[in-house]
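Chemist: Let's see this in three dimensions:
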Amino acid sequence: MSAAKLIVVLVVALMLLPGLAWAATPDSRRLEGRLPDNAPVVSIDQPRGTVLDALTALAKQTGWSLVVTAPESATTRPLTIQVSKRPAGEVLDLVLEAGSLRASFADGVLRVRSDTTAASGDSWRERRRERRGRHGSERVVFGQSLTIGADETVNKAVAIGGSITIAGHVQRDAVAVGGSVTLLPGARVEGDAVAIGGAVSVGEGASLEGDNVSLGGTIPTMVGSMIRGGVGNMRSMFGFASRATRAVLLYVIALLIAVAFPGALMRVREYLVDRPGLSALAGIAILLGFAPLLFMLAVTVIGIPLIPVAAMLLVALFLFGFTVSAGWLGDRMPVSQENKTPVKSVVRGGAVLVVVGLLPWIGTAALILTAAVSAGAALLSRFGRKVAIASAA
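Modeler: Residues are numbered from 1 along each chain as shown. Next comes the predicted model:
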């Protein structure tokens, strides 16, 4: 496995990963139906108001009729939004997310209703918050944005794959990975405000006693987008167009990995066959342990710069695992095995996995679990090096 091959594959994979991030997010939109192609751009300057106020302003500027059947607890949520000349669909998605709402559009009528799944989750969080109390608790969310109300005092605020809006009091740090941190007038943060893939905004009258740390750039922003799509909106990642796009990109990357590292693929595959149970346990540990790892990194300033690195390493590990699984499956297909090579095995097995990935719900889950098991084998075998040493002995 030469350094030149590794560099080439990493460069190509990094070029294709934004497509995977894009494919993970289009179905995360909360709108059902298609907005008119001539939908105008809108501007909303709402320093104080509610979700319903923002929806009303949006409807007025676009000329749409608005029908809201969501409960008052969702539409009266405080919302601060300041957007200038943005596409109506983009602004609508932001407002719907803030209120945990969904909408449909047809014949010039925008119908807004509650998001049943999100509402049940919100009610559970509210009950939990009441049991713990509003003072001194840590607020941590994954794949969504976090709002600290004006009457709330929390120990720490962390959003992984979302933004943080603070109107109250944060006794320690406020950290957003893949989003921004906004301090509204009257807000107070005693520690640091950190935004990876976003910006820190301190409003007039707000107090930030620690450091203002912003880390922008393509990779942090892309990592945040992938986390939002993968953690916060798993139920909406199963649209056919999104599944097809991801499947094709995965197939292309798998072929590149097979061409660059045929020997390593064969050795990891041997490890997987010899130790399937151990590989499966390692894969499950990777899946269940990544979110806690991000949290531990996010709550320390020293660990924050390592979050994009950890996310990229996880993506690389799962891409390699997907390739190993494709090669394993291709070897066991009832076809001619003449002139068998790792690349040909990946071509056959990858095609089958692509088809499986197109299945609603089951397809995406199957690809994740399949890649996780092989990723566990790759990690335990140190990408085939451990197997090679054992064979040499």
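
Chemist: Only C-alpha atoms from now on, for both contacts and neighbour counts.
Modeler: Noted.

Chemist: residues making contact with the strand or helix carrying Ile286?
Modeler: Using DSSP states H and E, Ile286 maps to helix 276-298. For helix 276-298, contacts defined as CA atoms under 8 Å, 6 or more residues apart in numbering pick out 158, 160, 175, 177, 272, 303-304, 306-307, 310, 369, 372-377, 380.

Chemist: list the buried ones in that helix?
Modeler: Neighbour-count burial for helix 276-298, counted by 16 or more other CA atoms under 10 Å, picks out 276, 279-280, 282-283, 286-287, 294-295, 297-298.

Chemist: Could you save these as a markdown table and add columns showing distance to Gln46 and pLDDT?
Modeler: Listed next are those as a markdown table, based on distance: CA to CA, whole Å; pLDDT from 0 to 100:
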| residue | distance to Gln46 | pLDDT |
| --- | --- | --- |
| Pro276 | 56 | 87 |
| Ser279 | 52 | 87 |
| Ala280 | 50 | 88 |
| Ala282 | 48 | 88 |
| Gly283 | 46 | 87 |
| Ile286 | 42 | 88 |
| Leu287 | 40 | 82 |
| Leu294 | 33 | 73 |
| Phe295 | 32 | 73 |
| Leu297 | 34 | 75 |
| Ala298 | 30 | 69 |
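
Chemist: from what I can see Gln171 touches Glu190, true?
Modeler: Yes - in this structure Gln171 lies within contact range of Glu190 using CA atoms under 8 Å: 5.1 Å.

Chemist: pLDDT score for Gly217?
Modeler: If you check Gly217, the pLDDT there is 50.

Chemist: I should have written Ile166 there, sorry.
Modeler: Looking at Ile166, its pLDDT stands at 92.

Chemist: wait, it sits on Gly186?
Modeler: No - using CA under 8 Å, Ile166 is not in contact with Gly186, being 9.1 Å away.

Chemist: quick revisit: give me the subset of the contacts of helix 276-298 lying in strands.
Modeler: 158, 160, 175, 177 (DSSP state E).

Chemist: And stretch 251-262, how far out from the chain middle?
Modeler: For stretch 251-262, the separation from the chain centroid amounts to 24 Å (computed by CA atoms, centre = their mean, to the nearest Å).

Chemist: Export that stretch to PDB, keeping only CA atoms.
Modeler: Extracted as PDB, the C-alpha positions of stretch 251-262 are listed here (Å, rounded to 0.1, in the frame of the first residue of the first chain):
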ATOM      1  CA  TYR A 251     -20.000   2.300  -5.900                       C
ATOM      2  CA  VAL A 252     -17.500   4.600  -7.600                       C
ATOM      3  CA  ILE A 253     -15.500   5.100  -4.400                       C
ATOM      4  CA  ALA A 254     -15.500   1.400  -3.700                       C
ATOM      5  CA  LEU A 255     -14.000   0.700  -7.200                       C
ATOM      6  CA  LEU A 256     -11.300   3.300  -6.600                       C
ATOM      7  CA  ILE A 257     -10.400   1.700  -3.300                       C
ATOM      8  CA  ALA A 258     -10.400  -1.800  -4.900                       C
ATOM      9  CA  VAL A 259      -8.000  -0.600  -7.600                       C
ATOM     10  CA  ALA A 260      -5.700   1.100  -5.200                       C
ATOM     11  CA  PHE A 261      -5.600  -1.400  -2.400                       C
ATOM     12  CA  PRO A 262      -6.300  -4.900  -3.700                       C
END
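
Chemist: Give me the mean pLDDT for that stretch.
Modeler: Stretch 251-262 comes out with an average pLDDT of 84.

Chemist: mind listing what's buried in it?
Modeler: Going by neighbour count (16+ other CA under 10 Å), the buried part of stretch 251-262 is 251, 253-262.

Chemist: And these, which is closest to Val343?
Modeler: The closest of the buried residues of stretch 251-262 to Val343 turns out to be Ala258 (CA to CA; 5.3 Å).

Chemist: tell me the contacts of that closest one?
Modeler: By CA under 8 Å, 6+ apart, the contact set of Ala258 is 265, 323, 342-343, 346.

Chemist: Most neighbours out of these, which is it?
Modeler: Thr323 (33 neighbours; other CA atoms under 10 Å).

Chemist: Contact partners for that residue?
Modeler: So Thr323 contacts 254-255, 257-258, 265, 346, 350, 371 (CA under 8 Å, 6+ apart).

Chemist: I appreciate the help and will end here.
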